[in-house]
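> Just to be clear, the model below is a prediction. Sequence and coordinates:
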Amino acid sequence: MIKACVIGLGQRGHMLTRDVLLKIDKLEIVSVCDVYEDRIERTLETLKNANQTALGFTDYKEAMAVEGVQAAFIFTDWSTHTEMAVYAMEHGIAVGSEVGCEYSLENCYKLVKTWEKTRTPYMFMENCCWGKDELLATSAARKNMFGTVVHCAGSYSHDLRKEVSYGHVNRHYRFDNYKHRNCDNYPTHEFGPIAKLLDINRGNRILTVSSFASKAAGLEDYIKTREDATDEMKNTKFLQGDIVTTVLTCANGETVTLRLDTTLPRSYSRDFTVRGTKGMYMQDVNMFFFDGDKEYFEPVNFYKESFNNGEKYEADLLPDCWKNITPEEIASGHGGMDFFAYNAFVDALITGDEMPIDVYDAATWQAISVLSEMSIAQGGMPQAMPDFTNGKWQTRPRKDVCEF
């Protein structure tokens, strides 16, 4: 049984505690922490209803100091993740860090150097690496069905106007990010699965990051329509561009395009796309297209008829975790992805296996935010991605999040 503390009990932290962590029978929560007392009380009540007892703190160091704590789950705002993860690793406490972005390359290096010094288990909890569509396409890539992969794309496309605009009202950190920064502030949902497919940090690496931002108009126009908007909301000039396009180049010759699209009206999409010499996959329509299926000049009706043809490949390509998924796992969060990610962390901690998403992944994926901000400020100038592995990427073996 792994004894854990949970730090950060806002919307995401409380939901993960209630719907995911409490469903993992190899895990016991012994302490919780937040800067707001009401969130602590809410989570302690949730634990009580699940027949678990924990201590509550407003200081994360005190929460980690509770006797027997072996792991810390970090669900706080993005700017605090590295500080807390470093402190935990220095005290021999394994870290499961929720996703986010970084603000400096120095913090990325600090994360890596602390892990290399302590070897305390660390995992970056990017749940989309367990996405059904992403794993379906990755399985196809592993079987060489796409031929040579030359390009991938993805996006974090999600209408967050209400969440961001009311950030201070709801005690959420995104308001300040959109007010002060202009970057791809949330790249890992789309890039994590792409990084796994392209073996980033394990035989491949990112070389450069180039980013371009549109004007920032969506949030201000949205706030004008809200009768309950606060004076702060009405008077804020946001820096964050409505659409940020980022282009990555890789050591093995692939290119990747990422898009941040969160402040204009739209439906949700991660737009996961794989292009190869023998075929392609498009997540938005769950469609495979392989060389020889139809020639490019076939009528558009064939394209429409192929929508959702990914279903016919599931029996052969999907990993067992998705073939055997239970209704409870599906209901636990994001259609099952949350359960898979956190269960994988606990399993690796118990067995001593390598974490499926490690500290080098965390540093590299989050550094995209830092470099995109620098690139935008320089008119799209390419920025060199540091090699956080210090050359080890050339020989590190592939590490998928599950077996195909």
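Structure's in. What do you need?
> and residue 296, what pLDDT?
We have a pLDDT of 57 for residue 296.
> Residue 367 now?
98.
> same deal with the one 5 residues further on?
Confidence per residue is given as pLDDT, and for residue 372 that number is 98.
> Bridged to the nearest residue to it once chain neighbours are set aside, which residues?
Excluding the flanking residues, the one nearest residue 372 by CB to CB, 6 or more residues apart in numbering is residue 211, at 3.7 Å. For glycine as for every other residue, the C-beta is placed from the backbone atoms N, C-alpha and C. Using DSSP bridges, the bridge partners assigned to residue 211 are residue 246.
> doesn't residue 183 make contact with residue 211?
Yes - with contacts counted by CB atoms under 8 Å, residue 211 reaches residue 183, the gap being 6.9 Å.
> Looking at those two now, which is surrounded by more residues?
residue 211 (30 against 27; other CB atoms under 10 Å).
> how near is that one to residue 255?
14 Å (CB to CB, to the nearest Å).
> Please apply the same query to residue 104.
Taken as CB to CB, the span from residue 104 to residue 255 is 26 Å.
> Residue 16 now?
In terms of CB to CB, residue 16 sits 34 Å off from residue 255.
> Same question for residue 82.
29 Å.
> Contacts only, for the closest residue in space to residue 100 that isn't next to it in sequence.
Spatially, and ignoring its direct neighbours in sequence, residue 100 is nearest to residue 78 (3.4 Å; CB to CB, 6+ apart). When contacts are counted by CB atoms under 8 Å, 6 or more residues apart in numbering, residue 78 is found next to 100-103, 173, 177.
> Of all those residues, the one with the weakest confidence?
By pLDDT, residue 173 ranks lowest within the contacts of residue 78, coming in at 89.
> can you list the contacts of residue 78 in JSON lines and add distance to residue 287?
Output for the contacts of residue 78, formatted as JSON lines (distance: CB to CB, whole Å):
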{"residue": "100", "distance to residue 287": "31"}
{"residue": "101", "distance to residue 287": "31"}
{"residue": "102", "distance to residue 287": "34"}
{"residue": "103", "distance to residue 287": "38"}
{"residue": "173", "distance to residue 287": "37"}
{"residue": "177", "distance to residue 287": "34"}
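> related to what we said a few turns ago, quick check: the gap between the residue nearest to residue 372 and residue 282.
Taking CB to CB, one finds residue 211 at 23 Å from residue 282.
> and if you look at residue 210?
For residue 210 relative to residue 282 (CB to CB), the value is 24 Å.
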